[in-house]
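Trainee: Starting from these lines, generate the structure:
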Amino acid sequence: MRHRRIGRIGGAVAAALAMCAAALGTAVTPAHAAGASSANLIVDAGAESAAICSTNGLDGMTMPGWTITSGEPTAVCYGAPDGFPDASTPGSPTRGRQFFAGGATGDASLTQTVDVSAAASAIDAGGTTYDLTGWLGGYAGQLDRVGLAATFRNASGGSLGSAQLAPATSTDRGLATKFLYREATGAVPAGTRSISLVLAFTWTAGNTTDGYADDLSLTLSTPLPAPALTEPASQVPGYDHVFMVMMENENYEDIVGNTSKAPYLNSLANANTVLTQSYAVTHPSDPNYVALAAGGLYGLHDNSPFTTTIDAPHIGTRVEQAGKTWKSYIENQNGNCDMTTHGSYSPDDVPFVFFKDIKADQARCAAHLQPLTTMVSDLRSAATTPNFAWFAADGCDDMEGCGITAGDNWLKNTLPNIFASPAWRTQRSLLVITFDEAATKAYGPSYPNRIPTVLIGSQGSVKTGFQSGGRVDHYGVLATVDKALGLAPLTNNDRYAAPVNDAWNPVGTTPAGPITGVGSDRCADVPGSNTTDGTQLILWGCHGAANQRWTLGADRSVSALGKCLTAATANGSAATISTCTGAATQKWTYDPATMRLSNDASGRCLDANGGATADNTKLIVWDCHTGTNQQWIAPS
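Mentor: Numbers count the residues shown, from 1 in each chain. Below you'll find the predicted structure:
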């Protein structure tokens with residue numbers, strides 16, 4: 001179902017209402033309040049900085065200068081089909097090519113904070129006024145709406161007062177699609193140092209939230225310059241390699257925590273960083289691939305790799321421009337540049353088949369689009385491992401065709417090749433596991449399009465056991481990859497999207513955290529925090545205290561409470577803590593692929609004795625095997 005509308009009125013009636021509106025002067029902007037002397041203090045007040053306006057209102061995007069705090073608001077093109085406003089719709093006489101709309105996931109909101117501290121003296125002296133204006137509208141008789149609120153805040157963020165622009169309801173609009181001019185004026189409270197703006201869209205029915213806004217303005221009667229549109233700050237560290245895998249069609253809540261169907265992916269999620277507010281940008285599948293690869297949809301709204309060609313740069317282009325290398329790899333691809341479909345294989349399991357530079361150049365296509373088996377051989381050397389690799393399961397193993405467990409098994413069989421590679425073990429590498437879209441291809445408040453995304457970094461670069469709660473969509477993930485590899489942005493979607501900033505450990509950080517048993521979900525524990533040499537480790541319920549916090553040193557020591565994990569060489573030897581000496585009995589190797597922690601001196605693995613899972617189970621070393629009592633989630 002496309003852009004569903006309700007309450008549509010007859011064309012003749014709508015035309016008559018539009019003529020009446022014009023006669024009443026609704027399309028004429030009233031003069032601002034006397035004495036207004038600042039520039040417009042709202043950044044991107046008409047949504048004109050959005051990268052590529054939507055032609056159906058169903059795709060989310062970055063809204064430069066604004067922060068998305070709920071839903072997936074968008075910028076829609078004037079003249080978009082199915083009844084959206086066009087150039088003749090009553091509204092702002094200075095309109096641009098696009099306007100704000102509420103998107104396709106129900107209620108939505110955008111926020112922006114205006115810094116007015118430079119006018120503190122004038123404001124505190126009294127007499128400074130504000131003029132808040134905007135064109136607010138909606139669709140025909142539909143009840144969806146949008147309002148703008150401004151809150152005046154002191155230096156501590158406390159509220160000193162507020163102003164509102166009321167929505168243009170369907171009654172206000174005479175059941176016509178139009179924008180109405182709204183204005184609020186008054187005195188700026190003394191002590192104001194910032195003004196918080198909230199553009200709030202309310203959904204009532206249909207696929208899209210049809211509250212519309214354009215040409216917003218906030219001015220003060222004191223000189224202040226127009227604020228500049230700036231890129232969000234980045235704390236993303238640099239990486240030598242980024243690996244990207246996009247699974248398909250699963251909701252966040254159906255993967256994260258679902259240890260019965262996705263035990264491997266959950267073990268990775270628990271041991272690394274999960275983005276808890278990660279969202280796709282639309283439906284169906286392929287537009288999400290293109291969004292993450294190219295920073296925009298470029299008009300793509302369906303799965304059409306054989307009939308759609310996009311003439312635009314993509315992330316591979318930017319990688320090459322930065323002097324780096326890239327490839328994509330797909331399971332069951334028959335040779336390089338396989339553009340056919342067969343079995344569960346389809347070339348659109350990676351996004352690059354949509355782009356003209358790949359479609360039109362067979363040699364270029366063959367150099368970059370290769371089978372998954374080639375990735376295994378490329379990973380044997382850091383020199384042959386591309387700086388950016390997008391690898392993919394086929395349509396069965398990506399979780400869409402054959403279910404969650406099939407995809408989890410594919411990840412379990414595939415990712416160890418990366419974790420065991422020289423690029424991972426000796427260089428800085430980042431793995432991004434994400435999904436194209438949520439399970440149900442539908443719109444409205446019941447379908448937020450929330451997806452799982454997990455970040456895993458080599459050399460302790462990504463936080464362990466961490467949940468990042470900042471909102472991020474495919475453009476935010478793309479922005480994060482841009483920063484990680486030092487790439488130029490592709491569009492304003494990745495240029496102005498906030499990257500993931502809270503998932504990283506400082507460069508050079510020694511991995512530290514709990515060592516958690518996969519089979520027991522309990523932690524390796526120094527009982528009673530007893531640091532006497534020879535104290536044997538046990539399993540105990542995880543609590544995060546120092547006696548369960550282990551540091552994996554660059555010298556392969558594993559230490560807690562200032563003592564090192566130690567084990568004699570015989571089968572069944574106790575795993576103890578002792579004064580650190582650097583002996584081989586105190587050197588350990590953690591393999592994230594098998595999740596085993598093996599001792600250098602004996603070659604045996606840390607083991608929960610007898611496969612027990614209860615509190616107080618003794619830890620020993622034993623011949624390595626595949627049982628879960630030797631599988632550990634460790635800092636890495």
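
Trainee: Is the residue most central in space within the chain bridged to anything, and to what?
Mentor: In the chain, the residue lying closest to the centroid (C-alpha atoms, centre = their mean) is V472, at 3.0 Å. Beta bridges link V472 to S278, judged by DSSP bridges.

Trainee: List the residues that contact it.
Mentor: Each residue near V472 by C-beta atoms under 8 Å, 6 or more residues apart in numbering is listed here: L275, Q277, S278, Y279, T453, T480, A497, A498, V500. Using the backbone N, CA and C atoms, a C-beta is placed for each residue, glycine as well.

Trainee: now swap in N571 and tell me
Mentor: Counting by C-beta under 8 Å, 6+ apart, N571 has contacts R604, V621, W622, D623.

Trainee: In strands, which of those residues fall?
Mentor: The strands, defined by DSSP state E, take in V621, W622 from the contacts of N571.

Trainee: Of all the residues in the helix or strand harbouring G407, which ones are buried?
Mentor: Element membership for G407 (DSSP states H and E) is helix 404-419. Neighbour counts over helix 404-419 (16 or more other C-beta atoms under 10 Å) mark I404, A406, G407, D408, W410, L411, K412, T414, L415, N417, I418, F419 as buried.

Trainee: And the contacts of N571, which is closest to P189?
Mentor: V621 (68.6 Å; C-beta to C-beta).

Trainee: Settle this for me: that closest one is touching L565, isn't it.
Mentor: No: the criterion here is C-beta atoms under 8 Å, and V621 misses it with L565 at 10.1 Å.

Trainee: Please work out how many residues are found near D214.
Mentor: Each residue near D214 was counted by other C-beta atoms under 10 Å, and the total is 25.

Trainee: Wait, it touches V146, no?
Mentor: No: shown here, D214 and V146 do not form a contact pair, counting by C-beta under 8 Å, at 10.3 Å.

Trainee: Residues in contact with both of these two, list them for me.
Mentor: Common neighbours of D214 and V146 (C-beta under 8 Å, 6+ apart) are F100.

Trainee: need the helices for the stretch 401-550 of the chain, in chain order.
Mentor: According to DSSP state H, counting those that start in this stretch, the stretch 401-550 of the chain carries its helices in the segments 404-419, 422-426, 474-485, 492-495.

Trainee: got a markdown table for those, with mean pLDDT too?
Mentor: Below are the helices of the stretch 401-550 of the chain laid out as a markdown table (pLDDT from 0 to 100):
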| stretch | mean pLDDT |
| --- | --- |
| helix 404-419 | 95 |
| helix 422-426 | 87 |
| helix 474-485 | 98 |
| helix 492-495 | 98 |
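
Trainee: Ok, which of the ones you listed comes nearest N599?
Mentor: So among those, helix 422-426 is nearest, using C-beta to C-beta, at 18.5 Å.

Trainee: So which elements touch the closest one?
Mentor: Judged by 3 or more C-beta pairs under 8 Å, 6 or more residues apart in numbering; DSSP states H and E, helix 422-426 has no packing partners among the helices and strands.

Trainee: That one: which residues count as buried?
Mentor: A423, W424.

Trainee: Contacts for the helix or strand hosting S598, please.
Mentor: Per DSSP H and E: S598 is located in strand 596-599. Strand 596-599 has contacts (C-beta under 8 Å, 6+ apart) with 515, 558, 567, 569, 584-585, 587-591, 604-606, 621, 624, 630-632, 634.

Trainee: so how far is that strand off the chain centroid?
Mentor: Averaging C-alpha positions (C-alpha atoms, centre = their mean, to the nearest Å) puts strand 596-599 34 Å from its chain's average.

Trainee: And the next helix or strand past it?
Mentor: Defined by DSSP H and E, the subsequent element after strand 596-599 is strand 605-608.

Trainee: Could you give the average pLDDT over that next one?
Mentor: Averaging pLDDT along strand 605-608 yields 97.

Trainee: same deal with stretch 158-170?
Mentor: Computed over stretch 158-170, the average pLDDT equals 98.

Trainee: ok so, going back, which one of the buried residues of helix 404-419 is nearest to S70?
Mentor: With C-beta to C-beta as the yardstick, the closest approach to S70 among the buried residues of helix 404-419 comes from I404, at 27.9 Å.

Trainee: Now for the closest one: which residues touch it?
Mentor: Taking C-beta under 8 Å, 6+ apart as the test, what I404 contacts is E250, D254, I255, N258, K261, A262.

Trainee: name the element the fifth one belongs to?
Mentor: So that's K261. Under DSSP H and E, no helix or strand contains K261.

Trainee: Distance check, it against N288.
Mentor: Remark: distance between K261 and N288 (C-beta to C-beta, to the nearest Å) = 22 Å.

Trainee: in the chain, which spans are helices?
Mentor: 11-23, 120-125, 252-255, 263-271, 285-294, 315-321, 356-359, 362-368, 372-378, 404-419, 422-426, 474-485, 492-495 (DSSP state H).

Trainee: and of those, who's closest to A614?
Mentor: From the helices of the chain, taking C-beta to C-beta, the stretch that ends up closest is helix 263-271, at 20.2 Å.

Trainee: Looking at K261 and N288, which one has more neighbours?
Mentor: Counting neighbours by other C-beta under 10 Å for K261 and for N288 shows that N288 has the greater number, 27 against 17.

Trainee: so the more buried one makes contact with A294?
Mentor: No: the pair N288 / A294 is not scored as a contact, 11.3 Å apart, by C-beta under 8 Å.

Trainee: W66: how many residues sit nearby?
Mentor: With other C-beta under 10 Å as criterion, W66 counts 22.

Trainee: how much space between the closest residue to it other than its chain neighbours and P287?
Mentor: In this structure, W66 finds its nearest non-sequential neighbour in L110, 4.2 Å apart by C-beta to C-beta, 6 or more residues apart in numbering. Separation of L110 from P287 (C-beta to C-beta) stands at 22 Å.

Trainee: okay, these two: which has more neighbours?
Mentor: Between L110 and P287, counted using other C-beta under 10 Å, P287 has the larger neighbour count: 28 against 25.

Trainee: Verify the stated contact: that one with V281.
Mentor: Yes: at 7.3 Å, P287 counts as touching V281 under the criterion of C-beta under 8 Å.

Trainee: list residues touching both of those two?
Mentor: Joint contacts of P287 and V281 (C-beta under 8 Å, 6+ apart) are D59, L297.

Trainee: ok, G158 - how many residues close by?
Mentor: Neighbour number of G158 under other C-beta under 10 Å is 10.

Trainee: quick one: it and T222, what's the gap?
Mentor: 21 Å.

Trainee: sorry, back to before: now the common contact residues for V621 and L565.
Mentor: A575, L606.

Trainee: related to what we said a few turns ago, how far does the helix holding G407 sit from the chain's center?
Mentor: For helix 404-419, the distance to the chain centre is 22 Å (C-alpha atoms, centre = their mean).

Trainee: Kindly calculate the angle that that helix makes with helix 263-271.
Mentor: Angle between the axes of helix 404-419 and helix 263-271 is 60 degrees (criterion: axes from the mean of the first three to the mean of the last three C-alpha atoms, to 10 degrees).

Trainee: correct me, but A80 touches G57?
Mentor: Yes: using C-beta under 8 Å, A80 is in contact with G57, at 6.9 Å.

Trainee: higher neighbour count, the two?
Mentor: The residue with more neighbours, out of A80 and G57, is G57; 27 against 19, by other C-beta under 10 Å.

Trainee: Give the closest residue to that one in space, chain neighbours not counted.
Mentor: T208 (4.2 Å).

Trainee: Count the residues that sit near that neighbour.
Mentor: 31.

Trainee: where's it relative to P167, distance?
Mentor: 16 Å.

Trainee: Wait, Y279 touches S70, no?
Mentor: No: using C-beta under 8 Å, Y279 makes no contact with S70, being 10.9 Å away.
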